[in-house]
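Peer 1: starting from these lines, generate the structure:
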Amino acid sequence: MLNVLLIGAGKMGGALAQRWQEKNICRQLVIVEPTSPIKSFKDIPADFDPQVIVFAVKPQTLPETARDYQGYVDRGALVVSIAAGKPVSFFEKNFGPKAKIVRSMPNLPASIGKGITVACANQNVSAMEKQWASALLGAVGEVLWVDKESLLNPVTALSGSGPAYIFLLVETMTKAGIHIGLDPAMAEKLARQTVIGSAALAEASPAISAATLRENVTSPGGTTQAALEVLMAESGIQALFDRALAAATKRAEELSV
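Peer 2: Just a heads-up that it's a prediction; the model follows:
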């Protein structure tokens, strides 16, 4: 069990804190949040000595607040960041080259315990500290590790931004249903539940590839095949997603400077 200092308890930070408490991961948990009793660094109990500091604040606020926690880092605290766009070098610049930094990219489903997080660590982080980070981040879903921090940019494009693509799919299917004559409320209900059910089926079938799941729905010469011939055409959905994720990756690179 760990002594953890959480900076920020918004949607993602709050979800982490709730899961840590439910799973009894923390020996002590102190939360710094403007709406909580501990509103800033100066309110933290003097005898509290965190093993891990988790930054779950908006990236633009980090430059003002990070250095308040220098003393903890100097005493060996591990820094775990879920702040989008802030590279490891930002924390090393603020806390020094010996600081132990884990940068991570969770996604929105983590707020209900269904997320996936990708993390990378600098050279100062030990195997045990990576286990600490995995336990904390894994409380809200799966955790994958990468050695190259640059991979977090395409990760952001795929899974970080990915929930928006799924919600857009629901919107798009709803509008298409309306265009072929369905009542708007029914079209949205059908689109939403189809995505929910299909995601649940994919989750329940981890050994079956997405391509096989698709093929299982597709009867030769049937209605699904007729639709897929449009979606899988050369200018269809794959080309659109290739362009979309390339644009998102480029933007993530720009924001990570």
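Peer 1: send me the one helix or strand residue 80 maps to as PDB with only the CA atoms.
Peer 2: Element membership of residue 80, judged by DSSP states H and E, is strand 78-81. Coordinates of the C-alpha atoms in strand 78-81 are reproduced here as PDB (Å, rounded to 0.1, in the frame of the first residue of the first chain):
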ATOM      1  CA  LEU A  78       7.800   9.100  -7.900                       C
ATOM      2  CA  VAL A  79       6.000  11.500 -10.300                       C
ATOM      3  CA  VAL A  80       3.100  10.100 -12.300                       C
ATOM      4  CA  SER A  81       1.500  12.500 -14.800                       C
END
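Peer 1: that strand pairs with which strands, parallel or anti?
Peer 2: When pairing is defined by DSSP bridges, strand 78-81 lines up against strand 52-55 (parallel), strand 100-105 (parallel).
Peer 1: now render these as JSON lines, adding mean neighbour count and mean pLDDT.
Peer 2: Glycine gets a C-beta too; all of them are placed from N, C-alpha and C. Written out in JSON lines, the entries for the strands paired with strand 78-81 read as follows (neighbours: other CB atoms under 10 Å; pLDDT from 0 to 100):
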{"stretch": "strand 52-55", "mean neighbour count": "24", "mean pLDDT": "96"}
{"stretch": "strand 100-105", "mean neighbour count": "24", "mean pLDDT": "96"}
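Peer 1: residue 69: which of the ones you listed is closest?
Peer 2: Proximity to residue 69 (CB to CB) singles out strand 52-55 among the strands paired with strand 78-81, at 5.7 Å.
Peer 1: please enumerate residues in contact with that closest one?
Peer 2: 2-8, 13, 16, 62, 66, 69, 72-73, 77-83, 132-133, 136 (CB atoms under 8 Å, 6 or more residues apart in numbering).
Peer 1: what's the PyMOL line that selects buried ones from the residues you listed?
Peer 2: The buried residues among those can be selected in PyMOL (16 or more other CB atoms under 10 Å) with this line:
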select buried, resi 2+4+5+6+7+8+13+16+62+66+69+72+73+77+78+79+80+81+82+83+132+133+136
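Peer 1: would you map the strands across the chain?
Peer 2: Applying DSSP state E to the chain gives strands spanning 2-7, 26-32, 52-55, 78-81, 100-105, 115-121, 141-145.
Peer 1: which one of these lies nearest to residue 161?
Peer 2: Of all the strands of the chain, it is strand 100-105 that lies closest to residue 161, at 10.1 Å by CB to CB.
Peer 1: the closest one vs strand 115-121, what angle?
Peer 2: Going by axes from the mean of the first three to the mean of the last three CA atoms, to 10 degrees, strand 100-105 is angled at 150 degrees with respect to strand 115-121.
Peer 1: circling back to that earlier point, reformat the strands paired with strand 78-81 as JSON lines; add distance to residue 225.
Peer 2: What follows is the strands paired with strand 78-81, written out as JSON lines (distance: least, CB to CB, whole Å):
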{"stretch": "strand 52-55", "distance to residue 225": "48"}
{"stretch": "strand 100-105", "distance to residue 225": "37"}
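Peer 1: of all these, which lies closest to residue 166?
Peer 2: Nearest of the strands paired with strand 78-81 to residue 166, taken as CB to CB: strand 100-105 at 17.0 Å.
Peer 1: about what we covered before: tabulate the strands of the chain (a markdown table), appending distance to residue 257.
Peer 2: Output for those, formatted as a markdown table (distance: least, CB to CB, whole Å):
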| stretch | distance to residue 257 |
| --- | --- |
| strand 2-7 | 23 |
| strand 26-32 | 27 |
| strand 52-55 | 19 |
| strand 78-81 | 16 |
| strand 100-105 | 14 |
| strand 115-121 | 17 |
| strand 141-145 | 23 |
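Peer 1: so which of those strands is nearest residue 176?
Peer 2: Here strand 115-121 is closest among those (CB to CB), at 28.3 Å.
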